[in-house]
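J.: just need the structure, nothing else, for what follows:
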Amino acid sequence: MTATPVDVAILCRGTADVEGCAASVRAQRLGGMRMLIVSDGGENDQIARDLAASRPDLVALPHDDAAAERRWATGAQAPFLLTLSARQRLVAGAVDAALALMTSRLDVVVGFSPCAEADETASSAINDWRIDDGLSAIRRMCGVASAALGDGPVIVRAPRSAPFGRFGNEGARLGAWLRLSLRGAVAECAAPLAVRAPAEVDDDAGPLRSLDARREAFAAFFRTDGRRLADAAALARLANLRLAQQAYWAACAERARGHATASGDLLRFARRLAPAAGPRAWGLLDAGGPPPAPESGWLTAFCRRLALEVFP
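T.: Model (predicted):
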């Protein structure tokens, strides 16, 4: 594959092994590569600075340093930006596969993939991509009330803005996906382009915080760039309904676990977004009792099914 320049942003949080991630990037066939370490604050800021000082191909971007972020984005010369978590390792040929997609399909503005567990066997399907037009991608995100599926690397065409999505800010990532989808097609790889370290943890600080961040991202999008879509109002309502459904079954789960405060907060969130849902949706929880107790291990599926039944 041609040595096309690629900027690589390594998103660092917790106690991730940045060196291991960087080594997997260096093992790819890249030309004009520059790696950026985006830390999440605290000790990682110093780790990022120390590591960047030791290697000329690394640049550190401390947490919430807006001036440094603007300088890095302004200086970006590569036509593509690839981002991955510092807990992830690129599989052999991952960047070649991503570049082959982006250079052969000029309509694609962003591509993503799932992330495999470390003990999974590498797949030869890394060159197979599902491609949706931008509007279909937006409808898909509204239908699941979330950003595009997949937790692995993301490759973006012609980055001229801040690194794609910051850790700890699910709303910012969703907003970036929605805006990018207005610019062109979105591609999903059929196979993982990276494997994750066993200690990978969930980004979400809690269901209500995640839900509210996504609610605000959808609201901001449909107030601004997305308002010009022909079915903007219907898509906004769909996103709110899906968020309300997710909040409702999360409230059921919290009530069943005995977490009355968390359940109440989630229930109020759901009710605010879907006020048209009838008494069947609220009666059981309003009465102060838990939902019927499902068998152990089936709680999430039970609550999700219940939510789908009671919402319009």
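J.: please, where are all the strands along this structure?
T.: Along the chain, the segments classed as strands by DSSP state E run 5-12, 31-39, 58-61, 80-85, 88-90, 108-112, 115-117, 129-132, 154-157, 185-189, 194-196.
J.: for residue 131, list the residues it contacts.
T.: For residue 131, the contact set (C-beta atoms under 8 Å, 6 or more residues apart in numbering) comprises 105, 108, 185-188. All C-beta spots, glycine's among them, are computed from the backbone N, C-alpha and C.
J.: would a markdown table of these with pLDDT be doable?
T.: Compiled in a markdown table, the contacts of residue 131 are given as follows (pLDDT from 0 to 100):
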| residue | pLDDT |
| --- | --- |
| 105 | 95 |
| 108 | 95 |
| 185 | 95 |
| 186 | 95 |
| 187 | 96 |
| 188 | 95 |
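J.: among those, who's most crowded?
T.: residue 186 (25 neighbours; other C-beta atoms under 10 Å).
J.: identify the residues contacting it.
T.: Per C-beta under 8 Å, 6+ apart, neighbours of residue 186: 108-112, 131-132, 134, 137, 148, 177, 180.
J.: and these, which two are the farthest apart?
T.: 131 and 177 (15.1 Å; C-beta to C-beta).
J.: I'd like the strands of the chain laid out as a markdown table, including distance to residue 222.
T.: Compiled in a markdown table, those are given as follows (distance: least, C-beta to C-beta, whole Å):
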| stretch | distance to residue 222 |
| --- | --- |
| strand 5-12 | 27 |
| strand 31-39 | 28 |
| strand 58-61 | 30 |
| strand 80-85 | 25 |
| strand 88-90 | 32 |
| strand 108-112 | 20 |
| strand 115-117 | 30 |
| strand 129-132 | 19 |
| strand 154-157 | 22 |
| strand 185-189 | 18 |
| strand 194-196 | 32 |
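J.: for this structure, what spans make up the helices?
T.: 18-26, 43-54, 66-75, 94-104, 134-144, 170-181, 207-223, 232-256, 260-273, 279-286, 299-310 (DSSP state H).
J.: now the ones you listed in TSV, please, with extra columns for mean neighbour count.
T.: Formatted as TSV, the helices of the chain follow (neighbours: other C-beta atoms under 10 Å):
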stretch	mean neighbour count
helix 18-26	17
helix 43-54	16
helix 66-75	13
helix 94-104	21
helix 134-144	19
helix 170-181	22
helix 207-223	19
helix 232-256	22
helix 260-273	18
helix 279-286	15
helix 299-310	16
